[in-house]
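1. Got a predicted structure here, sequence first:
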Amino acid sequence: MKREELRTPCYVIQKEKLIKNLEILREICQETGCRILLAQKAFSMFAVYPLIGKYLNGAAASGLFEARLAAEELGKENHIFSPAYREEEMPEIIRLCDHIILNSPAQVKKYKDQILAGGKSPGLRINPRFSTQEGHEIYDPCAPGSRLGTAIDQITEELLDGIEGLHFHTLCEQNSDALSDTLKAVEEQFGPYMHRMKWINFGGGHHITREDYDRELLKKCIRHVQDTYGVQVYLEPGEAVALNAGILLTEVLEVMENELSIAILDTSAACHMPDVLEMPYRPPLKDSGLPGEKAFTFRLGGPTCLAGDVIGDYSFDWKLKCGDILEFGDMAIYSMVKNNTFNGMALPDIVLEENPGDFRLIRRFGYQDFKTRLS
Ligand SMILES: *Cc1c(COP(=O)(O)O)cnc(C)c1O
């Protein structure tokens, strides 16, 4: 398909950009001997799992369904973490997964022996209580009272007996200086236990494929842990795999005035890019500026009933009109995996740009997709 043939709204994943990210990640594996997994919760477009599997070592899941998706579509190493597992799901999880990461002493007691008996590797998620981010408490697993991970004061020799790996995930869109600082805190507290582990998983939140990311420091951190403790290091980035590798195309449905100029789009912040409201953040928009920067400023909103279904205020060199196509950037991650059909909104098409200008429709959703989630 050509670009003019695409129907809006649609997520367009750009294969070239995805490959660029994957090459960067693979190089880190090759140079350090670490292993990198795709955190599926950020990006689960399984049409490109065969491609991802050529570069990465496997996938990380947040629950049974993601683990099953990776087993079916990626078929490499399969790791899982959940704060609490359902007893009835554990046999299938043990069948599908290689590393099963437990969150609390009670979960360790409940499942450790079952996992070992199944020939799989049980790990413990630790909480170093070391926050490296401000402002986004919703994304800080080290915030006071966090339910994510076991802190040092809960660790006993008996608890760790049979545990083969430690996992920490404390970062979000951060550079390797934050990892380096976190590692110091982790080693200070858990160092004595790290020697007896087979693997250490540094979690996600590493913005490895971002322009200004310091990869040399990341490699130093990986080598340091592998050499000091004799363990296999794993990373499980989500964002970094598909960072800036996709766009969301949308059409202006209508324009109106109410003290300011407003454009109603055929995409919705609430339905198609919920992190815009949840995080919140302002997504990049091609050929636009900050409010007032260019000649015409518009508030861009969705067609739902939610008053706050607003993507943001942007300015343009031209006056927006019905039929204009707008292009939001960095829409591969935390978009498709989080979208919903609130208000009966249709889900955007999923399109793969195989080569620049050469598009393939992967999936189109319709009324049945809306109806089958209700009853
Ligand atoms: C969210 C998450 C990831 C991926 O995080 P990104 O910010 O997308 O890199 C990896 N591991 C765990 C346990 C997570 O919760």
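-> The structure has been received and is ready for your questions.
2. And for the residue in the stretch 1-150 of the chain positioned nearest to the ligand, nearest residue in space, chain neighbours not counted?
-> Closest to the ligand within the stretch 1-150 of the chain is Ala39: 3.4 Å, counting by C-beta to the nearest ligand atom. Placement of C-beta: from N, CA and C, glycine included. Leaving aside its chain neighbours, Ala39 sits nearest to Gly238 (3.4 Å; criterion: C-beta to C-beta, 6 or more residues apart in numbering).
3. got any ranges where the stretch 201-350 of the chain has weak pLDDT?
-> Scanning the stretch 201-350 of the chain for pLDDT under 70 picks out no residues.
4. In it, mark out all the helices, start to finish.
-> 215-229, 239-242, 269-272, 275-278 (DSSP state H, counting those that start in this stretch).
5. Buried residues, the last one. List them.
-> It refers to helix 275-278. 276-277 (16 or more other C-beta atoms under 10 Å).
6. Give me the residues contacting it.
-> By C-beta atoms under 8 Å, 6 or more residues apart in numbering, the residues outside helix 275-278 that reach it are 138, 269-270, 281-283, 308-309, 311-312, 334-335, 338.
7. how much space between the spatially most central residue of the chain and Met336?
-> By C-alpha atoms, centre = their mean, the mean C-alpha position of the chain lies nearest to Ala42, the distance being 2.4 Å. According to C-beta to C-beta, to the nearest Å, Ala42 and Met336 sit 10 Å apart.
8. swap in Ala151?
-> When distance is defined by C-beta to C-beta, Ala151 is 34 Å away from Met336.
9. quick one, which of these two is more surrounded?
-> Between Ala151 and Met336, Met336 has the larger neighbour count (other C-beta atoms under 10 Å), namely 22 against 13.
10. Tell me which residues touch the more buried one, please.
-> Residues in contact with Met336 (C-beta under 8 Å, 6+ apart) are 11, 43-45, 350.
11. which one is the residue in the stretch 51-200 of the chain positioned nearest to the ligand nearest to, not counting chain neighbours?
-> Minimum separation of the stretch 51-200 of the chain from the ligand (C-beta to the nearest ligand atom) falls at His169, amounting to 3.9 Å. Leaving aside its chain neighbours, His169 sits nearest to Gly203 (2.7 Å; criterion: C-beta to C-beta, 6+ apart).
12. I'd assumed Val231 was in contact with Lys198.
-> Yes: at 6.3 Å, Lys198 counts as touching Val231 under the criterion of C-beta atoms under 8 Å.
13. which residues are common contacts for the two?
-> Contacts common to Lys198 and Val231, judged by C-beta under 8 Å, 6+ apart, are Gly165.
14. residues in contact with Ala59?
-> For Ala59, counting by C-beta under 8 Å, 6+ apart, the contacting residues are 37-40, 49, 66, 70, 74, 76-79.
15. swap in Tyr11?
-> 246-248, 331-332, 335-336, 348-351.
16. okay, the residues you listed in CSV with distance to Ile126 next?
-> Below are the contacts of Tyr11 laid out as CSV (distance: C-beta to C-beta, whole Å):
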residue, distance to Ile126
Gly246, 33
Ile247, 38
Leu248, 37
Met331, 33
Ala332, 30
Ser335, 30
Met336, 31
Pro348, 38
Asp349, 41
Ile350, 37
Val351, 41
